[in-house]
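[1] below are the sequence and a predicted model for it; my questions follow.
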Amino acid sequence: VQLVESGGGLVQPGGSLRLSCAAFGFTFSSSAMGWFRQAPGKEREFVGGISWSGAFTYYADSVKGRFGISRDNAKNMVYLQMNSLKPEDTAVYYCAATAGYYNAYQTYDYWGQGTQVTVSS
C-alpha cells in the first residue's frame, strides 16, 4: 500500500490550494479516503473523509464550507480543495485510507508521507 500526496506549498491568507493523493497497492474503489493534518505542537486533526463511491463526505467544523474532498476512482486519486485559507490551516497534510466508514477517523490505517501547507503573508 502506498499513498503519495502532492500539491502543498506556500499560499497567502485567503488563497486556495489543491492537494492530490495517488493511491497504489490496494483496492482504491472499495476504500474510504480521508485527509488529516498536524500542526507543530498539536495533535493530528481529522480534516474530512469521503466514501468509496464519492457520494458522501464529512468535514471537521474547522474547515466546513472552505474545504472540499473529491475522488476519481478511475485514476486512483483523491483530492483536497482548500479555499479561503487561514494561517491556522498551516500544517502537514496527510492522505489516509480505510476499509471502514469514511467518517470514522480512528479506523484509518494506511497513511501517506504528508505534504506541507503554509499559509502566510
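    Received the coordinates, thanks.
[2] looking at this protein, which helix or strand is least sure?
    Ranked by mean pLDDT, DSSP states H and E, the weakest helix or strand in the chain is strand 110-111, scoring a mean of 94.
[3] now it: how far from the chain's centre is it?
    Centroid separation for strand 110-111 versus its chain: 11 Å, with C-alpha atoms, centre = their mean, to the nearest Å.
[4] and the helix or strand that it is followed by, which residues are buried?
    As assigned by DSSP states H and E, the chain's next helix or strand after strand 110-111 is strand 115-119. By neighbour count on 16 or more other C-beta atoms under 10 Å, the buried set for strand 115-119 is 115, 117, 119. To be clear about C-beta, it is placed using only N, CA and C from the backbone, and glycine gets the same treatment.
[5] for the least confident helix or strand of the chain, which strands pair with it and how are they oriented?
    strand 91-98 (antiparallel) (DSSP bridges).
[6] how about the partner strand as PDB, C-alpha atoms only?
    Extracted as PDB, the C-alpha positions of strand 91-98 are listed here (Å, rounded to 0.1, in the frame of the first residue of the first chain):
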ATOM      1  CA  ALA A  91       0.100  22.000   8.900                       C
ATOM      2  CA  VAL A  92       1.400  18.900   7.300                       C
ATOM      3  CA  TYR A  93      -1.500  17.300   5.400                       C
ATOM      4  CA  TYR A  94      -1.800  13.500   5.200                       C
ATOM      5  CA  CYS A  95      -3.900  11.400   2.900                       C
ATOM      6  CA  ALA A  96      -5.200   8.200   4.500                       C
ATOM      7  CA  ALA A  97      -7.200   5.100   3.600                       C
ATOM      8  CA  THR A  98      -9.600   2.800   5.500                       C
END
